[in-house]
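J.: below is the structure, and that's it, no one-letter string:
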């Protein structure tokens, strides 16, 4: 996978129904689809984005996670794309919905804590399940 991708080869991911969606109004979040069939997920700033990249990299090299690896799309690394004159980093994943007429994929969060370390107290309180 190239370190840089041409944004002309990318489109918003049409099958997405929830979460952060790539739109003209919010071009820095969301999923994109590369013309060769890869999904690009923007890497959020701060520790959240770094942790997500670290998760995928650990999943590849840690053999004790082989069962979890079967449930996660293939990870091809990260790329940089210039969008609206801003250099954006994206995680590159296999599109597991290729060939499906009506795909239905769920993004499951694992654990009892939904907020990332270092987030605001408001976010912690808003997401705290008690």
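T.: Alright, I've got the coordinates. Source: prediction; values computed, not measured.
J.: show me where this protein has its strands.
T.: Shown for the chain, the strands assigned by DSSP state E span residues 4-5, 10-12, 31-34, 38-42, 75-83, 86-94.
J.: just give me the lowest mean pLDDT stretch among those strands.
T.: Note on the strands of the chain: lowest mean pLDDT is at strand 4-5, with a mean of 57.
J.: out of the helices and strands in this protein, which is least certain?
T.: Least confident helix or strand of the chain, by mean pLDDT, DSSP states H and E, is strand 4-5 with a mean of 57.
J.: neighbours of the residue nearest to residue 94 when sequence neighbours are not counted, how many?
T.: Nearest residue to residue 94, sequence neighbours excluded (C-beta to C-beta, 6 or more residues apart in numbering): residue 74, at 3.8 Å. Any C-beta I mention is one placed from the backbone N, CA and C, and that applies to glycine too. Residue 74: 13 surrounding residues under other C-beta atoms under 10 Å.
J.: ok, back up a step: for the strands of the chain, give me JSON lines that also has distance to residue 51 and mean neighbour count.
T.: Below are those laid out as JSON lines (distance: least, C-beta to C-beta, whole Å; neighbours: other C-beta atoms under 10 Å):
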{"stretch": "strand 4-5", "distance to residue 51": "23", "mean neighbour count": "15"}
{"stretch": "strand 10-12", "distance to residue 51": "24", "mean neighbour count": "15"}
{"stretch": "strand 31-34", "distance to residue 51": "19", "mean neighbour count": "22"}
{"stretch": "strand 38-42", "distance to residue 51": "13", "mean neighbour count": "22"}
{"stretch": "strand 75-83", "distance to residue 51": "13", "mean neighbour count": "16"}
{"stretch": "strand 86-94", "distance to residue 51": "12", "mean neighbour count": "16"}
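J.: what's the closest of these to residue 125?
T.: Of all those, strand 38-42 sits nearest to residue 125, with 26.2 Å by C-beta to C-beta.
J.: distance-wise, check the residue nearest in space to the middle of the chain relative to residue 92.
T.: In the chain, the residue lying closest to the centroid (C-alpha atoms, centre = their mean) is residue 41, at 3.4 Å. With the distance defined as C-beta to C-beta, to the nearest Å, residue 41 ends up 8 Å from residue 92.
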